[in-house]
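# predicted coordinates and the sequence they were generated for:
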Amino acid sequence: MEQRRGARLTLYLPFNIEDGSGRDHHNAKSFTVEGDYIFVALARYGYITVYDRRDGHFVGRLQPGPEVGGESGWCDFNYAINAMRQKDGTYRILIEENAFAKVLMYTIRDFASTKASAPQP
């Protein structure tokens with residue numbers, strides 16, 4: 001007999017995220033799950049929203065830093081983000097970026113600040 005399981009977590013991703021910045025942060029394009037987090041690549045500006053995997057609460061947002069002039073093009077394909085949890089608990093998040101032909105890499109040690117470190121050589 002087949003046993004059906006219900007969803008453990010349903011995460012509502014708002015079409016328009018209101019964060020007071022005045023920018024239009026909408027259109028979740030791609031996502032990945034790694035460790036304790038769900039990483040959602042938004043189509044515009046290279047932004048990534050981060051949610052807690054256990055209960056779905058919003059943890060923070062990653063965005064392009066001064067290393068790339070604070071700029072990124074659109075994330076425009078379905079599997080555009082990958083995340084890896086390292087042995088030391090650090091997360092490496094990679095996101096495709098179309099306009100300037102690059103992949104952004106974030107190295108995160110503490111999601112309380114959700115700030116990206118400089119890319120590693």
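Great, that's in hand.

# in the sheet, who's paired with the residue most central in space within the chain?
What sits nearest the mean C-alpha location of the chain, by CA atoms, centre = their mean, is residue 48, with 3.0 Å. Taking DSSP bridges as the rule, residue 48 bridges to residue 41, residue 62.

# verify the stated contact: it with residue 81.
Yes. Between residue 48 and residue 81 there is a contact under CB atoms under 8 Å: 6.8 Å. Quick note: C-beta positions are derived from backbone N, CA and C, even for glycine.

# spit out the residues that contact these two alike.
39-41, 93, 95 (CB atoms under 8 Å, 6 or more residues apart in numbering).

# so which of those residues wins on neighbours?
residue 41 (28 neighbours; other CB atoms under 10 Å).

# check contacts around that residue.
28-31, 47-48, 75, 80-81, 95.

# hmm, 10 Å instead?
Counting by CB atoms under 10 Å, 6 or more residues apart in numbering, residue 41 makes contact with 27-32, 47-49, 62, 74-82, 93, 95-97.

# which of those residues count as buried?
Buried by 16 or more other CB atoms under 10 Å: 28-32, 47-49, 62, 74-75, 80-82, 93, 95-97, out of the contacts of residue 41.

# quick one: stretch 64-75 to chain centroid distance?
14 Å (CA atoms, centre = their mean, to the nearest Å).

# about what we covered before: mind putting the shared contacts of residue 48 and residue 81 into JSON lines with distance to residue 101?
Shown next, in JSON lines, are those (distance: CB to CB, whole Å):
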{"residue": "39", "distance to residue 101": "22"}
{"residue": "40", "distance to residue 101": "23"}
{"residue": "41", "distance to residue 101": "17"}
{"residue": "93", "distance to residue 101": "19"}
{"residue": "95", "distance to residue 101": "13"}
